[in-house]
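1. coordinates for the following, if possible.
(chains A and B)
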Amino acid sequence: MNNSFDFSNFSRQSPKGILVIYTNLIYKVIRVTWLLLFLILKDFSKVFSIVGNYIYLGLVVLLLLLLARAYLIYKNFQFKIADERFILKQGILKKTTTSIPFHRIQNINFKQNIIQQIIGVFEVSVETAGSKKTEIAIKALSLEKAEALKELISKNTQFNQHPTEKDETKPLIKIGIKELFKVSLTENHLQNLVLFLAIILGFFQQIEQIVSSLGDTALFDGFIEESTNALSASFFLVTVLLFFLTFIALMSSFVKIFLIHFNLTTYLKDDSFEINQGLFTKKTTILKKQKVQNITVSTNPLKRFIGIYFITFKQAVSGKVNVKKNKLIRIVGCKAEQVAIIKQRLFDATDVENEEKKYPDGYYKRRMFIWVFLFITILYSFLYLIFQQIEILYSTVFVFPFIIFLILKKVKKRFYKITETMLLLGSGLLETHHTYFEIFKVQNIKMKQTIFQKRSNVADLILQTASGKIKIPCIQFKDAIEIYNHTLYKVETSKTSWM
Amino acid sequence: MTDTFQNNTITSFPDITKTEFKNINKLYLKVMLINFSLVFMLFLIGLIVLHQQVFTPEINAFIIAIYLLFLIVSGSILGYLLASFAKRKYAIREKDISYQEGLLVKRLTTVPFSRIQHVETDEKPISRIFGLSSLSVYTAGDSSDDLVIKGITKEEALQIKEFITTKINE
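-> Numbers count the residues shown, from 1 in each chain, chains lettered A, B, ... in the order given. So this is what the prediction gives:
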């Protein structure tokens, strides 16, 4: 046992933390001012001749000020553990004390960015369901101290203390470079491309804003105009562009997967999972089983072909769900048997899987068709009004079969299976998602029925959970009522803690 | 073991459809009407200002149609409010609280007491004139869609709040 550290009194982080905080501060300053810096550097000689050595002086003063700030942050940052609580004092002028009871902790993260890796310290952060931000983040702890802290917290948070007789050192999942390569190759490239383009677009907008505020847009506009003219002129260029986009899409998938999931290893612990991953920033997440609200096992046609799945764990969140989207915990590249082990560790899913699939009523398909075609009709009328060219309508030859194919796919993938205790929900368009959910974790239940639905005698069910909504659309009214009553019964008779 | 358990329970679930729902207080209709007329007046004044000051003669050629459209839209909203008022109902059972509303889109929500994080009653100015309150129930997580019952008497709201609070603490 390496619990030689005493956490019961207030202690500071490792002095190396000053360096970590310092670089973090510098990074923040650069991120805010990089465009300004860029402009200064561009006209460096001109600016330099005016203000001369003052630039250096200003820079030195700024760096010194930041250093002083980093030191003060370090000096005022203290934490301790008392009465099963994690207590943190911080703040230079505005003093804040945060206190988190262990049983409220959802997960513990260990992170190491490049600087932390070089100087050999760990960042420890603790998350609860309470707030949007991470409540506690200790920037620099030595390995031994971090390990001791982890052990202390995860041991104290165990509710049913059964001894660890199993050998837990062997990882359940270990994704090597080859597997990661496969995962990247079978990603949804289109989605990643859009994501990448969105980032680039945001980046350009930022530049354009600054440039236009300086009244220097002519060059930029000229460039865009020129390239669009060339684009419409040459079929060759379009092909090149397509190849280029494909390349970018592939690259963005690879970069994304390799950055986040590099060297992914997952360990099973008594009441938690430990997930290690990351290329530059290494991250270890300790996920408590009890705090998992639901899991989604997903795959797509390519991934299914080579037999890999990814699992998304959802925990209770506060406020709007999408805020914490980057905090979703995901294990990529699982084999079927690994998925089975994880499922079995969390809950008994065999019953629900053996249940027969129930599909939404035909009303669901009709509703989808009506809405989508309404949307497309409006879209086409707008396009026609703008361009005034009847040729636009020719594209429907390709668009319509494609959309019909997509809708049919989506409808086919919608199903649910329900047992006494579990709900399994299928969804997805090209990807396939299976969400497993324990019924007693529902927070509230809602049934929605429009007058059109009433005529077909169907209704939507919406189960609100601590990690977001789960929708079962357009099922028979009779079934909806049955599930409604059954769910309420389950929730109201359960004594188990649900989050 | 699970089989027998299943057989036992399936017939004996308390049925939400057989629960007696209570209408909200009739006085709340007046509150809704006052609120509606306030908003209506605001829009009407806005439209008149637009008519007199902003619109060009080309637009003013259609001014009767514009007023008519405005009246029809307002009228149908008012009609819907009146017609759907009777559909606003709530029910409190031993272990949960339910609320339903809607004429064209019918919504029924139930929140079990054991999942409630906190309860809130508040009185808006116009409701206060009639001695009415609204009761909001919050659960953990994304709580944008939890349950709100508008238009019950203040005593009743406090009673329900008290009842739920004791139930949560059990």
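2. rest of the way, CA atoms for contacts and neighbours
-> OK.
3. doesn't residue A:279 fall inside a strand?
-> No - if the criterion is DSSP: H, G, I helix; E, B strand; the rest coil, then residue A:279 is coil and not within a strand.
4. list the contacts of it.
-> If you count contacts by CA atoms under 8 Å, 6 or more residues apart in numbering or on different chains, residue A:279 has them with A:258-263.
5. go again with 10 Å.
-> Neighbouring residues of residue A:279 by CA atoms under 10 Å, 6 or more residues apart in numbering or on different chains: A:112-114, A:257-264.
6. same check, this time on residue A:426
-> Residue A:426 touches A:296-298, A:357, A:359, A:410, A:412-417, A:432-436, A:472, counting by CA under 10 Å, 6+ apart.
7. show me which of those are buried.
-> By neighbour count, with 16 or more other CA atoms under 10 Å in any protein chain shown, these hold A:296-298, A:359, A:410, A:412-417, A:432-436, A:472 as buried.
8. ok, the contacts of residue A:279 vs chain B, which is closest?
-> residue A:260 (26.5 Å; CA to the nearest CA).
9. skipping its backbone neighbours, what lies nearest the closest one in space?
-> Spatial nearest neighbour of residue A:260, excluding adjacent residues (CA to CA, 6 or more residues apart in numbering or on different chains): residue A:278 at 4.6 Å.
10. run a quick neighbour tally on the one you found.
-> Using other CA atoms under 10 Å in any protein chain shown, residue A:278 is surrounded by 19 other residues.
11. so it makes contact with residue A:257?
-> Yes - Residue A:278 sits in contact with residue A:257 when judged by CA atoms under 10 Å, with a separation of 9.1 Å.
12. helices of the stretch 101-250 of chain A, residue ranges please.
-> For the stretch 101-250 of chain A, the helices defined by DSSP state H, counting those that start in this stretch cover A:114-119, A:143-156, A:177-185, A:189-213, A:218-233, A:235-261.
13. low-confidence ranges in chain B?
-> Within chain B, the segments meeting pLDDT under 70 span B:1-12, B:141-145.
14. show me the helices in it, by range?
-> B:2-10, B:27-49, B:57-60, B:63-85, B:125-129, B:154-169 (DSSP state H).
15. dump the ones you listed to JSON lines, plus distance to chain A.
-> Listed next are the helices of chain B as JSON lines, based on distance: least, CA to the nearest CA, whole Å:
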{"stretch": "helix B:2-10", "distance to chain A": "7"}
{"stretch": "helix B:27-49", "distance to chain A": "23"}
{"stretch": "helix B:57-60", "distance to chain A": "22"}
{"stretch": "helix B:63-85", "distance to chain A": "13"}
{"stretch": "helix B:125-129", "distance to chain A": "27"}
{"stretch": "helix B:154-169", "distance to chain A": "12"}
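16. secondary structure element for residue A:429, which one?
-> According to DSSP states H and E, residue A:429 maps onto no helix or strand at all.
17. run through the residues that contact it.
-> Residue A:429 touches A:300, A:406-414, counting by CA under 10 Å, 6+ apart.
18. same question, residue B:169
-> Going by CA under 10 Å, 6+ apart, residue B:169 touches B:113-114.
19. what does residue A:370 give?
-> Counting by CA under 10 Å, 6+ apart, residue A:370 touches A:364, A:376.
20. now it: how far from residue A:377?
-> From residue A:370 across to residue A:377, the span is 10 Å (CA to CA, to the nearest Å).
21. can you check residue A:174 too?
-> For residue A:174, the distance to residue A:377 - CA to CA - is 49 Å.
22. neighbour count winner among the two?
-> residue A:174 (18 against 12).
23. please name the nearest non-neighbouring residue to the more buried one.
-> Here the residue nearest residue A:174, using CA to CA, 6+ apart, is residue A:265, at 4.4 Å.
24. so for residue B:117, which of the helices of the stretch 101-250 of chain A sits nearest?
-> In terms of CA to CA, the element of the helices of the stretch 101-250 of chain A nearest to residue B:117 is helix A:143-156, at 24.9 Å.
25. quick one: low-confidence ranges for chain A?
-> Applying pLDDT under 70 to chain A flags the ranges A:1-5, A:44-45, A:47-48, A:50-52, A:130-135, A:154-169, A:206, A:208-234, A:318-327.
26. can you pull out the strands in the stretch 51-200 of chain A?
-> For the stretch 51-200 of chain A, strands defined by DSSP state E, counting those that start in this stretch occupy the ranges A:78-82, A:85-90, A:96-101, A:107-112, A:121-127, A:136-142, A:173-174.
27. relative to residue A:313, which of those strands is closest?
-> Nearest of the strands of the stretch 51-200 of chain A (CA to CA): strand A:107-112, 11.7 Å.
28. how far off centre is the closest one?
-> 15 Å (CA atoms, centre = their mean, to the nearest Å).
29. repeat that for stretch A:19-33.
-> 24 Å.
30. stretch B:43-60 too?
-> That offset, for stretch B:43-60, works out to 34 Å (CA atoms, centre = their mean).
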